[in-house]
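Engineer: Below are the sequence and a predicted model for it; my questions follow.
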Amino acid sequence: MYLGIDLGTQSVKALLVNEQGVIVRIAQQPYPILRPHPNYAEQNPEDWWKATVWAVQEATRHAGNQIRVIGIAGQMHGLVALDKNKELLRPAIIWMDQRSTAECEIQKRENWLQLAHNQLVPGFMAASLLWMKVHEPELFDRIDMVLTPKDWLRWKLTGVLCTEVSDASGTLMMDIPKRQWSLELVELYGFPPGILPHVMESEQMIEEATTDASHELGLSSMPRVVAGAADQAAMLVGCGVLEPGQAVLTIGTGGQLSVVTDVPQPDGRLNTFCHAVPQRWYSMGAILAAGYALTWWKNVINGHLNAVLRAAEKVPAGAEGIIFRPYLNGERTPHLNPTLTASFEGLTGRHTKGHLTRAVLEGVAFAMRDCQKTLLEAGASPNRIIMGGGGGQGVLWRQIMASVLQMPLHSVENPEQTAFGAAMLAAAGDGRALADLNWVQMGEVTPPVEGWVEHYEKQYLRFTHQH
C-alpha cells in the first residue's frame, strides 16, 4: 500500500491507497493558524507533526505493516528556519503572511522577472527571509537551514534535510528552467547559500522513515519516503494532469488555473513553477476571491447556500445586466493590485438577490477568464481543463464557468486530489511510471451551455472595460 500525506494550511490529510490506486481510508486532523500581530500568519511546526501522527495512525489502522512508500505534499512558500542543532528558531511564517510588503520592493530591480520567473510577493519564503534579515537579525544570523513546511515534515520522518523542485520553485530562490538553486538570486537577496537544502526531483526516493518516527506513527515497518511535491503540483498529479496543455481549474477560497508546459513560460502576471514531473513546468493564473466571494455574499444577505444558489438558477445568463468584479481582497492575475476593490455595476430596482447571486458566480468566472486570457498570451494554452479541488461543485457554477471559458470542464472521481497525488508520487518512487498507473478515474463532463456562450462573450467585454 501507499500513503499520501497532504500538509494543508488548516489541516493535514492522510490517504491510504492499495496497489491498484483504490482509496482504503482517509483521515484528517486540524491545527491552528497563529496571528500574533495584524497581517501575520504563522504556524507551529510541532502542531503539524502532532496532527500528522494522529491522521496517519487513523488512516493506517490495521494496515501499518503494509505501507511500502510514503509521499508528502504541502502548502507552498512557507519558511521553517532551523539552527545548527536543527531546532526551530521561530514559528513558521506561512504563505498567507503579509508582513514583508516593504521588503518586496526589491522586485523593482530590472532583472527580477528574468531571474525569478515570478514576482516577489509577501508570504513567499524569500520575502519572509528578507523580513527576518531586517527585523530579526539575531535569529537570521543563527539560521543553518531553511525548509518549506512539507520538507520539515519529511525531515521529521526520515532525518534527511532536502527539498524538491516543485516546492523549491515557490521559494523565489530557484533557477526554474535549470531546476536548481539560483546563486545569483541568493546573492541578490544577501542570503548565505549554505542555508539552502539539496534539491531533488519529486519522485526520487529519500530514505526509510526512522525507527522512532515509524513507531510514533503507529507503523510496524519502516516505509520508504519519496521527495514529494508542493500542493499545487501534487494536485496536478492527482488529477492526471501530466502533459503539456493539460490544465486544472481550482475553486477554493481563491481560484487557480494551472497549465502544464514543456518549457517555462514566464510572465509577470502569472506564477511559473516546476511540475512534479521531470522536465515539466506549469504556469498558474490566480484570483484571490473565488469561493470566498460566494461565501462573502451569502453572509452579507444572511442566506443559506443552497437557497441562494436555487434563486440564482432562476435568473437568466448575464443576470439581466449586472456585472460583479470580485476584487474583495485586491487581485493577482492579471492586475497584481492589492488595492483593487470589488463592485456591482448595472443595478436597477428590478434586480433581486437571485440576480446579484448569479452576478457573483459570473464575476468569478470572468476573473478566471482573465487568467485564461493571460495564460494564452504567455504561450501556455490549455487544451483540456479538469475541475479540481473542493469548490465549484454546484452544477450551475460549473455550467457558467464552462460557458465563460468556452471549454468543457472535466471532473475526476477521486477525492482529495492533493493527497492522492502524493500517494501517486510514492508509487512512482517505487518504480511505477506515473503515466502508466491509470489510477485517476474521470467523472462527468460539463460542456458550455450553447445559449450562454455568445451572451457571456459580450458580458466579458463589459467586465474588462474598466481595466
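Structural biologist: Received, thanks. Numbering: from 1, shown residues only.
Engineer: Off-centre distance for stretch 290-301?
Structural biologist: Here stretch 290-301 is found 21 Å from its chain centre; the criterion is Cα atoms, centre = their mean, to the nearest Å.
Engineer: Repeat that for stretch 75-82.
Structural biologist: Worked out by Cα atoms, centre = their mean, stretch 75-82 lies 14 Å from the chain centre.
Engineer: go on, stretch 310-326?
Structural biologist: Centroid separation for stretch 310-326 versus its chain: 29 Å, with Cα atoms, centre = their mean.
Engineer: i'd like the first residue to be 386 from this point on
Structural biologist: Will do, 386 is the new start, and the previous item becomes stretch 695-711.
Engineer: residues of that stretch that come out buried?
Structural biologist: Ala696, Ala697, Val700, Ala702, Gly703, Ala704, Glu705, Ile707, Ile708, Phe709, Arg710, Pro711 (16 or more other Cβ atoms under 10 Å). C-beta coordinates here come from the backbone N, C-alpha and C atoms, glycine included.
Engineer: Where does the prediction get shaky in the stretch 386-535 of the chain?
Structural biologist: Across the stretch 386-535 of the chain, the ranges flagged by pLDDT under 70 are 449, 492-496.
Engineer: Check the secondary structure at Leu627 for me.
Structural biologist: Three-state call for Leu627 (DSSP: H, G, I helix; E, B strand; the rest coil): coil.
Engineer: Looking at the buried residues of stretch 695-711, which one is closest to His720?
Structural biologist: Closest approach to His720 among the buried residues of stretch 695-711 (Cβ to Cβ): Arg710, at 10.3 Å.
Engineer: can you tell me how far the residue nearest to that closest one when sequence neighbours are not counted sits from Leu746?
Structural biologist: Excluding its sequence neighbours, the residue lying closest to Arg710 (Cβ to Cβ, 6 or more residues apart in numbering) is Ser728, at 5.2 Å. Distance of Ser728 to Leu746, given as Cβ to Cβ, to the nearest Å: 16 Å.
Engineer: any idea which residue sits dead centre in the protein?
Structural biologist: In the chain, the C-alpha nearest the mean C-alpha coordinate belongs to Gln617, at 3.8 Å (Cα atoms, centre = their mean).
Engineer: what secondary structure does that residue sit in?
Structural biologist: helix.
Engineer: I'd say it and Phe658 touch.
Structural biologist: Yes. Using Cβ atoms under 8 Å, Gln617 is in contact with Phe658, at 7.2 Å.
Engineer: any common contacting residues for the two?
Structural biologist: Ser551, Tyr667, Met669 (Cβ atoms under 8 Å, 6 or more residues apart in numbering).
Engineer: List just the nearest of these to Asn823.
Structural biologist: Of the shared contacts of Gln617 and Phe658, the one sitting nearest to Asn823 (Cβ to Cβ) turns out to be Tyr667, at 21.7 Å.
Engineer: counting contacts, what elements does the host helix or strand of the closest one pack onto?
Structural biologist: In this structure, Tyr667 sits in strand 666-672 according to DSSP states H and E. Contacts defined by 3 or more Cβ pairs under 8 Å, 6 or more residues apart in numbering; DSSP states H and E place strand 666-672 against helix 616-623, strand 640-646, strand 656-659, helix 738-763.
Engineer: got the ones you listed as CSV, with distance to Ile478 and mean pLDDT columns?
Structural biologist: Shown next, in CSV, are the helices and strands packed on strand 666-672 (distance: least, Cβ to Cβ, whole Å; pLDDT from 0 to 100):
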stretch, distance to Ile478, mean pLDDT
helix 616-623, 17, 96
strand 640-646, 22, 95
strand 656-659, 19, 96
helix 738-763, 27, 96
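Engineer: hey, which of these is tucked in deepest?
Structural biologist: Among these, helix 616-623 has the highest mean neighbour count (mean count of other Cβ atoms under 10 Å), at a mean of 30.
Engineer: Name the next helix or strand downstream of that one, please.
Structural biologist: Later in the chain than helix 616-623, the nearest helix or strand by DSSP H and E is strand 631-636.
Engineer: for that next one, what is the average pLDDT?
Structural biologist: Confidence for strand 631-636, expressed as mean pLDDT, is 94.
Engineer: helices or strands up against that strand?
Structural biologist: Looks like strand 631-636 contacts helix 616-623, strand 640-646, strand 769-773, helix 780-790 (3+ Cβ pairs under 8 Å, 6+ apart).
Engineer: out of these, which comes closest to Gly575?
Structural biologist: Among the helices and strands packed on strand 631-636, helix 616-623 sits nearest to Gly575 (Cβ to Cβ), with 28.4 Å.
Engineer: secondary structure class for Asp652?
Structural biologist: With three-state DSSP as the criterion, Asp652 reads coil.
Engineer: So it sits against Glu762, correct?
Structural biologist: Yes. Using Cβ under 8 Å, Asp652 makes contact with Glu762 at a distance of 7.2 Å.
Engineer: hang on, Gln631 packs against Ser766?
Structural biologist: No. Shown here, Gln631 and Ser766 do not form a contact pair, counting by Cβ under 8 Å, at 10.9 Å.
Engineer: More neighbours: the two, which one.
Structural biologist: Gln631 (21 against 16; other Cβ atoms under 10 Å).
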